[in-house]
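Undergrad: return a 3D structure for these sequence lines:
(one chain, ligands or ions: 2)
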Amino acid sequence: MASEVVTPMGRDDMESITANDILRRANRIAAVGRLASGVAHEIRNPLVAIQWNLNLLASKHPEDAETYQLISAELMRIDTTVSQLLSLTKPQVLKFEPIDLQNLLDSIIRLMNAQAYQVNVDIQLVGQSPQSVEGDEKLLTQVFVNLILNALEAMQNGGTLTIALEPEGKEHVAVRFSDTGVGMTEEQLSRLGEPFFTTKSEGTGLGLMICRQIVEEHHGTMEIKSQVGEGTTVSIKLRTSS
Ligand code: ADP
Ligand code: MG
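TA: Ligands and ions are numbered 1, 2, ... in the order given. You can find the predicted model right below:
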(Lines give C-alpha, C1' and ligand atoms only; values in the text may rest on other atoms or scores of the structure.)
(Ligands and ions follow the chains in the order given, each with its own letter.)
Protein backbone atom coordinates (compact mmCIF):
# COMPACT_ATOMS: atom_id res chain seq x y z
CA MET A 1 0.00 0.00 0.00
CA ALA A 2 2.75 2.41 1.00
CA SER A 3 4.67 1.96 -2.23
CA GLU A 4 1.63 2.87 -4.27
CA VAL A 5 1.31 6.12 -2.38
CA VAL A 6 4.92 7.24 -2.48
CA THR A 7 5.50 6.43 -6.15
CA PRO A 8 6.20 9.70 -7.96
CA MET A 9 3.45 10.77 -10.31
CA GLY A 10 4.06 9.93 -13.94
CA ARG A 11 3.73 12.51 -16.73
CA ASP A 12 0.33 11.23 -17.75
CA ASP A 13 -1.03 11.75 -14.27
CA MET A 14 0.38 15.26 -14.23
CA GLU A 15 -1.67 16.30 -17.24
CA SER A 16 -5.04 15.31 -15.91
CA ILE A 17 -4.49 16.05 -12.26
CA THR A 18 -6.82 18.49 -10.52
CA ALA A 19 -6.46 20.40 -7.29
CA ASN A 20 -8.81 17.90 -5.68
CA ASP A 21 -6.63 14.98 -6.74
CA ILE A 22 -3.61 16.70 -5.25
CA LEU A 23 -5.45 17.30 -1.99
CA ARG A 24 -6.68 13.71 -1.83
CA ARG A 25 -3.18 12.48 -2.50
CA ALA A 26 -1.67 14.72 0.19
CA ASN A 27 -4.27 13.50 2.69
CA ARG A 28 -3.54 9.91 1.80
CA ILE A 29 0.20 10.43 2.27
CA ALA A 30 -0.42 12.13 5.63
CA ALA A 31 -2.65 9.22 6.70
CA VAL A 32 0.01 6.68 5.73
CA GLY A 33 2.59 8.73 7.65
CA ARG A 34 0.40 8.65 10.77
CA LEU A 35 -0.14 4.93 10.35
CA ALA A 36 3.58 4.28 9.97
CA SER A 37 4.33 6.34 13.03
CA GLY A 38 1.67 4.45 15.03
CA VAL A 39 3.07 1.11 13.90
CA ALA A 40 6.59 2.22 14.78
CA HIS A 41 5.50 3.11 18.32
CA GLU A 42 3.68 -0.19 18.71
CA ILE A 43 6.79 -2.09 17.66
CA ARG A 44 9.08 -0.13 19.88
CA ASN A 45 7.40 -0.80 23.22
CA PRO A 46 7.47 -4.61 23.10
CA LEU A 47 11.07 -4.43 21.85
CA VAL A 48 12.20 -3.02 25.17
CA ALA A 49 10.51 -5.88 27.05
CA ILE A 50 11.98 -8.47 24.71
CA GLN A 51 15.49 -7.07 25.10
CA TRP A 52 15.15 -6.94 28.89
CA ASN A 53 14.00 -10.57 29.12
CA LEU A 54 16.64 -11.67 26.66
CA ASN A 55 19.32 -10.19 28.89
CA LEU A 56 17.84 -12.11 31.80
CA LEU A 57 17.95 -15.38 29.85
CA ALA A 58 21.45 -14.66 28.59
CA SER A 59 22.76 -14.25 32.12
CA LYS A 60 21.28 -17.66 33.03
CA HIS A 61 22.76 -19.42 30.01
CA PRO A 62 26.29 -18.19 29.41
CA GLU A 63 26.93 -21.23 27.17
CA ASP A 64 24.53 -19.75 24.58
CA ALA A 65 26.09 -16.29 24.64
CA GLU A 66 26.66 -16.24 20.89
CA THR A 67 23.02 -16.94 20.07
CA TYR A 68 21.84 -14.29 22.51
CA GLN A 69 24.22 -11.79 20.98
CA LEU A 70 22.84 -12.57 17.55
CA ILE A 71 19.25 -12.07 18.66
CA SER A 72 20.23 -8.89 20.46
CA ALA A 73 21.95 -7.50 17.36
CA GLU A 74 18.83 -8.19 15.28
CA LEU A 75 16.67 -6.48 17.89
CA MET A 76 18.95 -3.44 17.73
CA ARG A 77 18.50 -3.44 13.98
CA ILE A 78 14.72 -3.39 14.31
CA ASP A 79 15.07 -0.58 16.82
CA THR A 80 17.27 1.47 14.46
CA THR A 81 14.88 1.01 11.55
CA VAL A 82 11.89 1.91 13.66
CA SER A 83 13.61 5.01 15.13
CA GLN A 84 14.54 6.18 11.65
CA LEU A 85 11.02 5.54 10.39
CA LEU A 86 9.69 7.55 13.33
CA SER A 87 11.98 10.47 12.61
CA LEU A 88 10.72 10.47 9.00
CA THR A 89 7.04 10.46 9.89
CA LYS A 90 7.10 12.62 12.99
CA PRO A 91 6.25 16.23 12.22
CA GLN A 92 9.33 18.04 13.43
CA VAL A 93 9.09 21.30 15.26
CA LEU A 94 12.13 23.11 13.97
CA LYS A 95 13.99 25.43 16.27
CA PHE A 96 15.77 27.79 13.93
CA GLU A 97 18.77 29.71 15.17
CA PRO A 98 21.97 31.05 13.62
CA ILE A 99 24.49 28.23 13.42
CA ASP A 100 28.23 28.47 13.02
CA LEU A 101 28.82 25.50 10.71
CA GLN A 102 32.55 25.49 11.29
CA ASN A 103 32.07 25.06 15.04
CA LEU A 104 29.34 22.48 14.66
CA LEU A 105 31.28 20.38 12.13
CA ASP A 106 34.42 20.66 14.25
CA SER A 107 32.71 19.16 17.27
CA ILE A 108 30.99 16.44 15.22
CA ILE A 109 34.32 15.47 13.64
CA ARG A 110 35.95 15.33 17.05
CA LEU A 111 33.22 12.94 18.20
CA MET A 112 33.57 10.73 15.15
CA ASN A 113 37.35 10.68 14.82
CA ALA A 114 37.74 7.49 16.85
CA GLN A 115 35.38 5.69 14.51
CA ALA A 116 37.20 7.11 11.47
CA TYR A 117 40.53 6.05 12.91
CA GLN A 118 39.32 2.45 13.12
CA VAL A 119 38.91 2.29 9.34
CA ASN A 120 41.95 4.43 8.68
CA VAL A 121 40.03 7.44 7.42
CA ASP A 122 41.31 10.96 7.74
CA ILE A 123 38.58 13.61 8.11
CA GLN A 124 39.53 17.10 7.01
CA LEU A 125 37.54 20.29 7.38
CA VAL A 126 38.53 22.85 4.79
CA GLY A 127 37.32 26.26 3.66
CA GLN A 128 35.39 28.80 5.66
CA SER A 129 31.98 30.25 5.97
CA PRO A 130 32.08 33.76 7.37
CA GLN A 131 28.30 33.79 7.75
CA SER A 132 26.26 31.54 9.98
CA VAL A 133 23.35 29.56 8.56
CA GLU A 134 19.75 29.46 9.69
CA GLY A 135 19.06 26.02 11.06
CA ASP A 136 18.01 23.58 13.74
CA GLU A 137 21.23 22.41 15.35
CA LYS A 138 19.94 18.99 16.41
CA LEU A 139 18.55 18.17 12.99
CA LEU A 140 21.57 19.47 11.08
CA THR A 141 23.78 17.40 13.37
CA GLN A 142 21.67 14.37 12.41
CA VAL A 143 22.27 15.14 8.72
CA PHE A 144 26.02 15.59 9.10
CA VAL A 145 26.46 12.47 11.26
CA ASN A 146 24.49 10.40 8.72
CA LEU A 147 26.63 11.66 5.84
CA ILE A 148 29.89 11.08 7.70
CA LEU A 149 28.79 7.54 8.65
CA ASN A 150 27.92 6.79 5.02
CA ALA A 151 31.35 8.05 3.95
CA LEU A 152 33.13 5.92 6.57
CA GLU A 153 31.10 2.89 5.53
CA ALA A 154 32.15 3.50 1.93
CA MET A 155 35.84 3.64 2.92
CA GLN A 156 36.33 0.45 4.88
CA ASN A 157 39.91 0.23 3.57
CA GLY A 158 40.85 3.75 4.51
CA GLY A 159 40.76 7.04 2.65
CA THR A 160 40.01 10.70 3.11
CA LEU A 161 36.79 12.50 3.84
CA THR A 162 37.03 16.16 2.96
CA ILE A 163 34.32 18.41 4.32
CA ALA A 164 34.44 21.71 2.50
CA LEU A 165 32.66 24.88 3.57
CA GLU A 166 32.11 27.55 0.97
CA PRO A 167 29.89 30.61 0.77
CA GLU A 168 27.61 30.66 -2.28
CA GLY A 169 26.80 34.29 -2.86
CA LYS A 170 25.45 36.18 0.16
CA GLU A 171 22.46 34.00 0.81
CA HIS A 172 23.76 30.44 0.89
CA VAL A 173 26.55 28.32 2.27
CA ALA A 174 27.58 25.05 0.66
CA VAL A 175 28.89 22.10 2.67
CA ARG A 176 30.44 19.34 0.57
CA PHE A 177 31.25 15.88 1.89
CA SER A 178 33.71 14.23 -0.53
CA ASP A 179 34.94 10.73 0.18
CA THR A 180 37.42 8.53 -1.63
CA GLY A 181 35.27 5.44 -1.11
CA VAL A 182 33.71 2.77 -3.29
CA GLY A 183 31.33 5.17 -5.06
CA MET A 184 28.00 4.27 -6.64
CA THR A 185 26.83 2.98 -10.01
CA GLU A 186 24.25 4.89 -12.08
CA GLU A 187 21.67 2.34 -11.03
CA GLN A 188 22.47 2.78 -7.34
CA LEU A 189 22.36 6.57 -7.70
CA SER A 190 18.95 6.42 -9.34
CA ARG A 191 17.58 4.28 -6.52
CA LEU A 192 18.70 6.60 -3.71
CA GLY A 193 15.25 8.13 -3.33
CA GLU A 194 13.67 4.75 -2.58
CA PRO A 195 12.98 4.10 1.07
CA PHE A 196 14.85 1.04 2.40
CA PHE A 197 17.27 0.98 -0.55
CA THR A 198 20.53 -0.19 0.95
CA THR A 199 23.58 -2.12 -0.23
CA LYS A 200 24.68 -2.86 3.33
CA SER A 201 23.85 -5.98 5.28
CA GLU A 202 23.33 -3.82 8.36
CA GLY A 203 21.82 -0.83 6.55
CA THR A 204 18.30 0.54 6.84
CA GLY A 205 18.25 2.58 3.63
CA LEU A 206 16.56 5.48 5.43
CA GLY A 207 19.57 7.69 6.27
CA LEU A 208 19.65 9.70 3.05
CA MET A 209 15.87 10.09 3.02
CA ILE A 210 16.04 11.59 6.49
CA CYS A 211 18.86 13.90 5.37
CA ARG A 212 16.89 15.03 2.34
CA GLN A 213 13.79 15.66 4.39
CA ILE A 214 15.66 17.71 6.98
CA VAL A 215 17.50 19.74 4.33
CA GLU A 216 14.21 20.46 2.56
CA GLU A 217 12.66 21.61 5.83
CA HIS A 218 15.56 24.07 5.96
CA HIS A 219 14.69 25.26 2.44
CA GLY A 220 18.06 23.95 1.36
CA THR A 221 19.16 21.53 -1.34
CA MET A 222 21.06 18.26 -1.37
CA GLU A 223 22.88 16.90 -4.41
CA ILE A 224 24.81 13.66 -4.77
CA LYS A 225 27.50 12.87 -7.32
CA SER A 226 29.37 9.61 -7.43
CA GLN A 227 31.76 7.55 -9.51
CA VAL A 228 32.43 3.87 -8.92
CA GLY A 229 35.90 3.36 -7.48
CA GLU A 230 36.50 7.11 -7.21
CA GLY A 231 34.22 8.29 -4.46
CA THR A 232 31.11 10.26 -3.65
CA THR A 233 30.35 13.91 -3.04
CA VAL A 234 27.25 15.02 -1.22
CA SER A 235 26.66 18.77 -1.48
CA ILE A 236 24.29 20.56 0.81
CA LYS A 237 23.27 24.16 0.40
CA LEU A 238 21.78 26.05 3.33
CA ARG A 239 20.47 29.57 3.78
CA THR A 240 22.54 32.08 5.68
CA SER A 241 20.93 33.73 8.67
CA SER A 242 20.33 37.43 8.31
P1 ADP B 1 22.15 2.95 4.69
O2 ADP B 1 23.41 3.69 5.03
O3 ADP B 1 21.43 2.45 5.89
O4 ADP B 1 22.36 1.89 3.65
P5 ADP B 1 21.42 5.42 3.40
O6 ADP B 1 20.11 6.00 3.02
O7 ADP B 1 22.30 6.22 4.28
O8 ADP B 1 21.13 4.01 4.04
O9 ADP B 1 22.23 5.07 2.07
C10 ADP B 1 21.62 4.28 1.07
C11 ADP B 1 22.64 3.64 0.16
O12 ADP B 1 23.32 4.66 -0.61
C13 ADP B 1 23.77 2.91 0.86
O14 ADP B 1 23.40 1.58 1.19
C15 ADP B 1 24.88 2.96 -0.16
O16 ADP B 1 24.70 1.95 -1.14
C17 ADP B 1 24.65 4.28 -0.84
N18 ADP B 1 25.54 5.34 -0.31
C19 ADP B 1 25.20 6.34 0.52
N20 ADP B 1 26.25 7.13 0.80
C21 ADP B 1 27.29 6.62 0.11
C22 ADP B 1 28.69 6.98 -0.02
N23 ADP B 1 29.21 8.04 0.61
N24 ADP B 1 29.45 6.21 -0.83
C25 ADP B 1 28.94 5.15 -1.49
N26 ADP B 1 27.65 4.75 -1.39
C27 ADP B 1 26.84 5.47 -0.60
MG1 MG C 1 23.45 5.56 6.03
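Undergrad: so which elements touch the helix or strand harbouring Arg176?
TA: In the assignment (DSSP states H and E), Arg176 maps to strand 172-179. The helices and strands touching strand 172-179, judged by 3 or more Cβ pairs under 8 Å, 6 or more residues apart in numbering; DSSP states H and E, are helix 101-118, helix 137-154, strand 159-168, strand 231-239. The way it works is simple: take the backbone N, C-alpha and C, and place the C-beta from them, glycine included.
Undergrad: any idea how far that strand is from the middle of the chain?
TA: Relative to its parent chain, strand 172-179 has a centroid offset of 16 Å by Cα atoms, centre = their mean, to the nearest Å.
Undergrad: same check, this time on stretch 196-204
TA: Relative to the centre of its chain, stretch 196-204 is centred 12 Å away, using Cα atoms, centre = their mean.
Undergrad: how about that stretch and ligand 2, touching?
TA: No. Legend: contact between stretch 196-204 and ligand 2 by Cβ under 5 Å from the ion is lacking; minimum distance shown is 6.2 Å.
Undergrad: what comes up buried for that stretch?
TA: Residues of stretch 196-204 classed as buried under the neighbour-count rule (16 or more other Cβ atoms under 10 Å) are Phe197, Gly203, Thr204.
Undergrad: and that stretch, how far apart are its ends?
TA: End-to-end distance of stretch 196-204 (Cα to Cα, to the nearest Å): 6 Å.
Undergrad: identify the residues contacting it?
TA: With contact meaning Cβ atoms under 8 Å, 6 or more residues apart in numbering, stretch 196-204 is reached by Arg77, Thr80, Thr81, Gln84, Glu153, Gln188, Arg191, Gly205, Leu206.
Undergrad: cutoff 10 Å now
TA: With Cβ atoms under 10 Å, 6 or more residues apart in numbering as the contact definition, stretch 196-204 has outside contacts at 3, 73, 76-78, 80-85, 150, 153-154, 182, 184-185, 188, 190-191, 195, 205-210.
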